[in-house]
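**Student:** Sharing a model that was predicted from the sequence below.
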Amino acid sequence: MKKKVLVAISGGVDSAVAAYLLKSEGFDVTGIMLRLFDKSQSTDAEDAKALCKKINIPFVYPDYRDEFKKQVIDRFSESYLSGEIPNPCVDCNRYVKIPFVYDYALKEGFDYIATGHYARVNYDESRDRYLLLKGADAAKDQSYVLYNLTQEILSKLLLPVGELSKSQVREIAASQDFLNADKKDSQDICFVSGNFYDYLKENCGVVLKEGNFVDVSGKVLGRHKGAVCYTRGQRKGLGLALPKPMYVLSKDMEKNTVTLGFDEDLYSSDVVARDANFISCDNIEGEIPVFARVRYNQKEQPAVAFMNDEGNLCVRFDAPQRAVTAGQSLVLYQNDIVVAGGKIIK
């Protein structure tokens with residue numbers, strides 16, 4: 001009997017090729033797209049349905065809008081309002097897309113789930129653990145946004161495009177005459193159209209209140225339009241006439257102040273992250289050498305990782321890192337293997 005696999009279809013080229021490859025390998029494939037929101041998703045849903053028809057596999061479109069709002073949109077809003085700069089794609093993979101596809105698969109008797117992510121899963125017999133590895137195409141590697149996967153999910157997860165390059169994926173899509181063979185990769189937050197500060201005002205009841213720009217000594221440098229509108233490391237768009245370029249260092253949401261400083265003030269060696277998830281090990285004992293990322297599009301940097309007394313994941317970088325930002329993710333690697341990750345506190 002053919003093994004059954006439920007493939008998360010997004011309407012993009014990567015998931016379509018993943019489904020095609022699995023069917024070609026002899027799996028009994030069904031495509032699933034979670035209905036998460038209505039604005040801008042309808043076109044992707046039509047593309048996903050058409051692609052499944054082209055591949056000749058069933059397509060299901062269950063409604064998870066309430067769960068998406070609670071687990072992703074509300075988290076995104078709360079994080080911004082607390083002064084963090086969140087990555088909603090990480091939260092979506094952790095709390096919605098992959099776990100809900102997995103739960104649906106369990107209920108409906110599927111053997112595996114699959115996605116179009118550029119990453120790989122291997123079982124390491126010596127550790128008796130499933131490992132998450134970077135995708136073979138370093139330029140497209142998406143392991144950073146998958147660091148929250150559990151051993152249970154990794155044991156049932158197939159990543160068919162993880163060994164391929166993006167150009168190979170597009171070639172396969174073109175050879176099969178897929179409608180999205182040349183479709184551009186999405187770079188935006190899927191549920192936000194336009195400026196996300198406008199989104200916060202329109203959807204989260206945010207009222208922008210002017211406040212003070214201050215320097216590290218507390219001296220007032222000028223007025224800003226609302227602390228929520230600024231990002232650590234930001235230089236442009238401050239609206240100030242300054243004798244030297246200054247950058248956003250931090251925000252105090254209660255006082256509605258934004259602290260500015262110079263480029264050299266943005267560097268830090270020590271990073272602390274909460275809600276750690278471990279993949280290659282059960283925990284970190286003592287100090288271990290790793291390579292780490294503090295943002296998605298960053299080359300891993302050498303560091304030492306350890307746990308602090310509060311149970312938070314910590315790293316000490318060999319060289320200070322610029323503009324480490326609360327709300328982003330800290331992800332640790334050893335060679336191509338994801339060791340662990342967590343949400344940055346500071």
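**Tutor:** Arrived safely.

**Student:** only C-alpha atoms for contact and neighbour calcs from this point on.
**Tutor:** Will do.

**Student:** so where's the stretch 51-200 of the chain uncertain?
**Tutor:** Applying pLDDT under 70 to the stretch 51-200 of the chain flags residues 186-188, 193-194, 196.

**Student:** which residue ranges form the strands in it?
**Tutor:** 59-60, 112-114, 119-124, 129-134, 157-158 (DSSP state E, counting those that start in this stretch).

**Student:** right, and those strands - which one's nearest residue 294?
**Tutor:** Proximity to residue 294 (C-alpha to C-alpha) singles out strand 129-134 among the strands of the stretch 51-200 of the chain, at 15.7 Å.

**Student:** what residues does the closest one touch?
**Tutor:** By C-alpha atoms under 8 Å, 6 or more residues apart in numbering, the surrounding residues in contact with strand 129-134 are 118-124, 141-143, 147, 151, 154-155, 162, 279-281, 336-338.

**Student:** how far away is the residue of the chain positioned farthest from its centre from residue 236?
**Tutor:** Relative to the centre of the chain, and counting by C-alpha atoms, centre = their mean, the farthest-placed residue is residue 243 at 37.5 Å. For residue 243, the distance to residue 236 (C-alpha to C-alpha, to the nearest Å) stands at 14 Å.

**Student:** In the protein, spot the strand with the most residues.
**Tutor:** strand 267-278 (DSSP state E).

**Student:** any residues touching it, and which ones?
**Tutor:** By C-alpha under 8 Å, 6+ apart, strand 267-278 touches 147-150, 311-324, 329-330, 339-346.

**Student:** same thing but at 7 Å, please
**Tutor:** With contacts defined as C-alpha atoms under 7 Å, 6 or more residues apart in numbering, strand 267-278 is touched by 148, 312-317, 319-323, 330, 339-346.

**Student:** who touches residue 123 in this structure?
**Tutor:** Contacts for residue 123 were tallied using C-alpha under 7 Å, 6+ apart; they are 129, 130, 131.

**Student:** Helices along this protein, start to end?
**Tutor:** 13-24, 41-55, 65-68, 74-81, 88-92, 98-107, 151-154, 166-175, 196-204 (DSSP state H).

**Student:** for these, which one sits closest to residue 113?
**Tutor:** Closest among the helices of the chain, using C-alpha to C-alpha: helix 98-107, at 6.4 Å.

**Student:** just how off-centre is the closest one within its chain?
**Tutor:** In terms of C-alpha atoms, centre = their mean, to the nearest Å, the centre of helix 98-107 is set 19 Å apart from its chain centre.

**Student:** Pull the residues that contact that helix.
**Tutor:** 6, 113.

**Student:** Going by neighbour count, which residues of it are buried?
**Tutor:** 98, 99, 100, 101, 102, 104, 105 (16 or more other C-alpha atoms under 10 Å).

**Student:** Ok, stretch 312-326 next?
**Tutor:** Applying 16+ other C-alpha under 10 Å to stretch 312-326 flags 312, 313, 314, 315, 316, 317, 321, 322, 323, 324, 325, 326 as buried.

**Student:** Next: stretch 276-290.
**Tutor:** Judged by neighbour count (16+ other C-alpha under 10 Å), stretch 276-290 contains these buried residues: 276, 277, 278, 279, 280, 281, 289, 290.

**Student:** Would you mind measuring the gap between the ends of it?
**Tutor:** So stretch 276-290: terminal residues 15 Å apart, C-alpha to C-alpha.

**Student:** if we can go back for a sec, which one among the buried residues of helix 98-107 gets closest to residue 176?
**Tutor:** Nearest member of the buried residues of helix 98-107 to residue 176, counting by C-alpha to C-alpha, is residue 101, at 25.9 Å.

**Student:** Please report how far the residue nearest in space to the middle of the chain lies from residue 126.
**Tutor:** Computing the C-alpha centroid of the chain and ranking residues by C-alpha atoms, centre = their mean puts residue 90 first, at 3.0 Å. Note on residue 90: its distance to residue 126, by C-alpha to C-alpha, is 29 Å.

**Student:** for residue 10, same thing?
**Tutor:** For residue 10, the distance to residue 126 - C-alpha to C-alpha - is 35 Å.
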